[in-house]
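# pasting the sequence and the predicted coordinates here, then a few questions.
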Amino acid sequence: MIVKSSVQELFPTPLWVADLPPEQALSLNSKLKTLIYGQADRPPNLQVGATWQTDPNLQQRAEFAEFIGLVNLAARSALEFLQVRYDGFEVTGCWANINPQTGMNPAHMHPNNFLSGVYYVSLPGDTGEIVFSDPRPQAAMVMPVVKQWNRYTSNESRVVLKPGRFVLFPAWLVHWVPVNPSPEHRISIAYNIMFSDFTRQVSPPQWQGNAPLLPPASV
């Protein structure tokens with residue numbers, strides 16, 4: 001007879017979702033939409049099936065300072081949750097995406113960063129999804145028929161989106177955005193976060209060995 005049963009979740013993958021108050025989101029998104037269209041070298045009357053992106057340096061532009069401040073706030077909260085030690089972090093890249101009808105963002109990750117995220121400026125019908133793939137390839141070795149998909153049996157996870165929503169996740173997590181079925185543009189801003197002192201604090205080995213030091217190699 002089993003007295004007690006429990007479930008333990010091993011190696012969980014964190015994902016953070018944060019929403020701006022509706023009034024703040026409405027005001028900010030109106031400004032961001034104007035700024036993003038202003039980055040285009042030509043009017044963004046994109047062809048069906050195309051996807052347009054700005055240069056990945058919006059974090060360096062004064063007109064995006066308010067938005068970058070919110071990105072920093074979200075990143076600081078995530079790092080505090082993870083309880084990692086760091087001297088500082090920075091936005092290493094920030095760019096806008098415009099998906100016209102049938103436009104999409106294929107599966108990808110963001111190398112050489114610790115966290116990545118996306119903020120939604122405009123969504124057709126005010127809804128959408130971002131899809132995250134299971135990072136454990138061996139978990140798909142056996143896929144039995146299920147009574148109902150859940151987080152223990154699915155090989156992907158979908159997050160419902162709305163304007164004013166931040167989604168933050170580990171930069172190594174593969175993600176993609178489905179095709180935009182609407183003639184209205186889907187507009188988002190993606191960004192990466194990395195430790196400012198990575199080469200000094202994170203890149204060196206995080207263990208202390210007991211082996212004696214070897215003399216320097218002769219040239």
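Arrived safely. Residues are numbered from 1 along each chain as shown.
# and the helix or strand bottoming out on mean pLDDT in the chain, which strands flank it?
Of all helical and strand segments in the chain, the minimum by mean pLDDT, DSSP states H and E falls on strand 52-53, at a mean of 90. Applying DSSP bridges, strand 52-53 is found paired with strand 89-99 (antiparallel).
# the partner strand: how far from the chain's middle?
10 Å (Cα atoms, centre = their mean, to the nearest Å).
# roughly how far is stretch 81-98 from the heart of the chain?
On Cα atoms, centre = their mean, the centre of stretch 81-98 falls 10 Å from the chain's centre.
# list the buried ones in it?
For stretch 81-98, burial by neighbour count (16 or more other Cβ atoms under 10 Å) applies to Phe89, Val91, Thr92, Gly93, Cys94, Trp95, Ala96, Asn97, Ile98. From N, CA and C alone the C-beta is placed, and that goes for glycine too.
# strands of this protein, start to end?
Along the chain, the stretches classed as strands by DSSP state E are 16-19, 52-53, 89-99, 105-108, 115-122, 128-133, 156-161, 165-170, 175-177, 186-195.
# the longest one vs strand 186-195, what angle?
Right, strand 89-99. For strand 89-99 against strand 186-195, the angle by axes from the mean of the first three to the mean of the last three Cα atoms, to 10 degrees is 160 degrees.
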